[in-house]
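> give me the fold of what follows.
(3 chains)
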Amino acid sequence: MNKVFAILVFIGVPLSVIGSLLHWSSTLMFIIYCVAIIALASFMGRSTESLSIIAGPRIGGLLNATFGNAVELIIAIFALKEGLIGVVLASLTGSVLGNLLLVAGLSFFIGGIKFKRQSFNIHDARHNAGLLIFAVIVAFVIPEIFSMSMNEEKTMIFSIGISIILMALYLAALFFKLVTHRGVYNKGDEDGKKKVEEVPEWSKGKSILVLALATLAVAYISENLVHTFEEVGKTFGWSELFIGVIIVAIVGNAAEHASAIIMAAKNKMDIAVEIAVGSTLQVAMFVAPILVLISLLFPVAMPLVFTVPELITMVSAVFLMVVISNDGESNWFEGGTLLAAYFIIGIGFYLL
Amino acid sequence: MNKVFAILVFIGVPLSVIGSLLHWSSTLMFIIYCVAIIALASFMGRSTESLSIIAGPRIGGLLNATFGNAVELIIAIFALKEGLIGVVLASLTGSVLGNLLLVAGLSFFIGGIKFKRQSFNIHDARHNAGLLIFAVIVAFVIPEIFSMSMNEEKTMIFSIGISIILMALYLAALFFKLVTHRGVYNKGDEDGKKKVEEVPEWSKGKSILVLALATLAVAYISENLVHTFEEVGKTFGWSELFIGVIIVAIVGNAAEHASAIIMAAKNKMDIAVEIAVGSTLQVAMFVAPILVLISLLFPVAMPLVFTVPELITMVSAVFLMVVISNDGESNWFEGGTLLAAYFIIGIGFYLL
Amino acid sequence: MNKVFAILVFIGVPLSVIGSLLHWSSTLMFIIYCVAIIALASFMGRSTESLSIIAGPRIGGLLNATFGNAVELIIAIFALKEGLIGVVLASLTGSVLGNLLLVAGLSFFIGGIKFKRQSFNIHDARHNAGLLIFAVIVAFVIPEIFSMSMNEEKTMIFSIGISIILMALYLAALFFKLVTHRGVYNKGDEDGKKKVEEVPEWSKGKSILVLALATLAVAYISENLVHTFEEVGKTFGWSELFIGVIIVAIVGNAAEHASAIIMAAKNKMDIAVEIAVGSTLQVAMFVAPILVLISLLFPVAMPLVFTVPELITMVSAVFLMVVISNDGESNWFEGGTLLAAYFIIGIGFYLL
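The predicted model follows:
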């Protein structure tokens, strides 16, 4: 798998540069950009993981929190710069839906085909359930409703307030998990297993170098990618919404998809669930609010107000995940249920 | 009980024929039709059960899935033929509400008066909770919201897509329960108990004959019943919505009501819950989507778009049931809570 | 603590009388009234508790149910008399939000700083979860949606019907807890602990006298308090909604806040949760419906129809609490999550 990504990077990145200079067709470039970003994301993921192991669990947790969704963040910043607020909100929605329904769904399904019953830490699942409800039902739904009777300025002030609270709670959650309650909800044998695995793939220097180079490359390509959306939408008959919710989200999260499914197939469901749900929370509680704050630097500020279809699909996905993960167990059918929900939502956004 | 139903069939069916030929008043005929259908439904239930035992659990499960809500299905098809889409959606809503709140409520309440704490399989309860959230929160709410910004054609395409996914997941759930995970979540002693019970009441031939005759009779009476709605509504001051949600649903599910409550009174809560919640899922994931597909054969196609009051009451009922059944235990007060919710909803639809 | 309240009563009550006679500024009087009511509420709480212990658990439960939120009830009745329906609905909303998010949040947070993991009775938590869903999702959301297609008269009939059902279910819940299922879900050692504590602070006579005097004083001050809202709102730029949801709710529940937090700090989480969630249920299932019925005596009747922002914040708070309390455990981070939700909602109502 790693070799495939390496090859894709060494072909995809040069092609991205050449193609954009030679003005190849938008559709072709769109595909090249997407492939290159997916491959680069896997390098970013590996370097972040190595650094996390070297830095120890506390700083490592912070690193993961910051770079885990760096690709989405970078793409979104370039879209914000272009004033494409609709695309950014759509891609945040898509990340939430993709992680909760597609990544977790495939993990449960593929893991469940190999193993009859798989289990994961029920305390983590419930901790995450509380945060999902907080982020999506409280912090996303309430500004939607309140903004209907607010002018733009107040909506923006409310969005900034919520963003700060979301990020503060996200940091508090890290502090809770990594400092005050580290290991409190874990069984001893799990800690034992983890210690064995924790050997960094790359040295500190190499990790930083790879991370820096990959991030730069992703940034360069993302800027170009954003410009292809309009053309690609016309060619395939896709709306901006569909591109944001489904396509960008799958590209931005492809690396996570792969590693979650691999973990599920190895029966390491704790890690698979942590990737899927943890990544959702990162998007909702860290990436989304930071984009609201960053948008203040650009001509058009982005309020934390999703469209009604975006919101209702996120809310549905959260309820489905909370109820399904509530017992700390999974099987292929629960995976199938999550995937079925993703298909319904995908068709919906395609037709919208 | 069985004798009473036999007598009602041998009086009710001839009266249905005679009355409709002699043009008796709509109200009288409405009552006769309802009583005859309730009595016939009990025969259909008994023959399906006998066939299920003879055919073994796998085919039996499929049989139950197909004929369990045959009465609702037949009434709905005749209403569709008349273009009464509103009545069909209302009666689907009523089946969901009736099973979740009235059947389960009465079962919990009456069982709970005899027994202080009753328990049922917690794994089944959680499996069902996931499907309830999927069917009602994902598959019913999302088309409602999305259809607001879609034209009729797209709404219909979306409805068809969702219907196919719902039915596919319903079949997958049967496959999960009857094939891949049969007995995985059950304790040994329960299997023991079930084996003792499994003696068919009727032979294969008699079961098929009874089922065929009862189905034909229900079909004949349903067609006539549908024509009385308008007159009866005027006489009693009932809206079409109230007839669909409350009256048709009670008539269509009366047999299930009776058997669920009898099981609860015998402290067989697994079966009582399976009838109430399983029947809800059957309506939402099998009857509703098949009606969407069947409606394509009639002049007026039926999208999977409920009215807002219908939707919000189903959503409330699902949340209430998911939270109440989450611990695998019931008592009279939980039954009372479900019944109180049913009364509130009943008053609401009466006043609407 | 008790001494502080005593001093505040002996200063606050005379000042309330003097100030209103001398027409001091509304803002000053608003502060004096609030402080006096908070102090008086603590006396009402102590006398109710003494009476409950003397009367035994059954009548004691009824007493608590009646006088537990007497202050809110009294303030609300005077607001109803003035036709301030918006303020009453807002203060009910505020009580629900304040108890669920602020009281429980502070209890979990402060208790959680002293103790790593705190646990409370999981059966009670689930019993309460069912009632929260019933009261807020069924009994509050449904009339909101249905009233959109109802005229005023039908809305009022529906509200009365729901109010009667809510109160009946609330009484049934008391009957369930105090009579039919008393001690069924409790462990033996907890009963032991409770018996030790149950020594009344005051005699029966003194309790009744204190209760009567404090209630009269609260009534007198509440009437005056209600008249200051308009002026205070103008002075501070607070909307009527913000005063009702945030200020009145904090004043009306201050005594409960204090005792819940004290209990949490002593690791008596059962009591802390009972105060927070029990008080929410009392407001939603007893105070709100009784106010609907009382409003029939006044010129302007109050339907059970909240504004959309009020409703959506209550719904969010209920979901958050149900998911967080579902495991029967708490920690500082869960408290922080509830408080974060309260801040978001507070900012929202301030800006609205």
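
> now do the contacts for residue A:317.
Taking CB atoms under 8 Å, 6 or more residues apart in numbering or on different chains as the contact definition, residue A:317 lies against A:96, A:97, A:100, A:101, A:341, A:345, B:138. Every C-beta, even on glycine, is put in place using the N, C-alpha and C of the backbone.

> neighbour-wise, give me the winner out of those residues.
Highest neighbour count within the contacts of residue A:317: residue A:100, with 31 neighbours (other CB atoms under 10 Å in any protein chain shown).

> which parts of whichever strand or helix holds residue A:162 are buried?
Element membership for residue A:162 (DSSP states H and E) is helix A:152-175. The neighbour-count check on helix A:152-175 (16 or more other CB atoms under 10 Å in any protein chain shown) flags A:154-156, A:158-163, A:165-167, A:169-170, A:172-175 as buried.

> equivalent analysis for stretch A:59-75, please.
Under the neighbour-count criterion of 16+ other CB under 10 Å, stretch A:59-75 has A:60-65, A:67-75 buried.

> where's the dip in pLDDT among these?
pLDDT across those is lowest for residue A:65, at 64.

> identify the residue nearest the residue in chain A positioned nearest to chain C in space, chain neighbours excluded?
Residue of chain A nearest chain C, by CB to the nearest CB: residue A:176 (4.1 Å). Among residues not flanking residue A:176 along the chain, residue C:333 sits closest, at 4.1 Å (CB to CB, 6 or more residues apart in numbering or on different chains).

> what is the helix or strand encompassing that neighbour packed up against?
Using DSSP H and E, residue C:333 sits within helix C:332-351. Secondary-structure packing of helix C:332-351 (3 or more CB pairs under 8 Å, 6 or more residues apart in numbering or on different chains; DSSP states H and E): helix A:122-132, helix A:141-147, helix A:152-175, helix C:104-114, helix C:240-242, helix C:308-325.

> mean pLDDT for these: which is lowest?
helix C:240-242 has the lowest average pLDDT among those, namely a mean of 82.

> state the pLDDT value of residue A:231.
86.

> residues near it, how many?
Neighbours of residue A:231 under the rule other CB under 10 Å: 14.

> next: residue A:343.
18.

> which residues does the closest residue to it other than its chain neighbours contact?
Leaving aside its chain neighbours, residue A:343 sits nearest to residue B:165 (5.7 Å; criterion: CB to CB, 6+ apart). Contact analysis of residue B:165 by CB under 8 Å, 6+ apart lists A:340, A:343, A:344, B:139.

> where does the last one land in three-state SS?
Okay, so that is residue B:139. helix (DSSP: H, G, I helix; E, B strand; the rest coil).

> quick one, what contacts the residue lying closest to residue A:114 once chain neighbours are set aside?
Closest residue to residue A:114 apart from its sequence neighbours, by CB to CB, 6+ apart: residue A:265 at 6.1 Å. With contact taken as CB under 8 Å, 6+ apart, residue A:265 is in contact with A:110, A:111, A:114.

> from those, list just the buried residues.
For the contacts of residue A:265, buried by 16+ other CB under 10 Å: A:110, A:111.

> got CSV for the contacts of residue A:265, with distance to residue A:272 too?
Putting the contacts of residue A:265 into CSV (distance: CB to CB, whole Å) gives the following:
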residue, distance to residue A:272
A:110, 10
A:111, 7
A:114, 12
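
> what is the longest helix along chain A packed up against?
Using DSSP state H, we find that the single longest helix of chain A is helix A:26-67. If you count contacts as 3+ CB pairs under 8 Å, 6+ apart, helix A:26-67 packs onto helix A:2-21, helix A:70-81, helix A:152-175, helix A:204-236, helix A:249-265.

> right, and the helix or strand after the shortest one?
Taking DSSP H and E as the definition, the helix or strand that follows helix A:70-81 towards the C-terminus is helix A:85-97.

> distance between that following helix and the chain's centre?
10 Å (CA atoms, centre = their mean, to the nearest Å).

> what count of nearby residues applies to the residue in chain A that chain B sits nearest to?
Going by CB to the nearest CB, chain B is nearest to residue A:333 of chain A, at 4.1 Å. Residue A:333 has 23 neighbouring residues, counting by other CB under 10 Å.

> I figured residue A:119 hits residue A:329, correct?
Yes. Between residue A:119 and residue A:329 there is a contact at 5.0 Å, judged by CB atoms under 8 Å.
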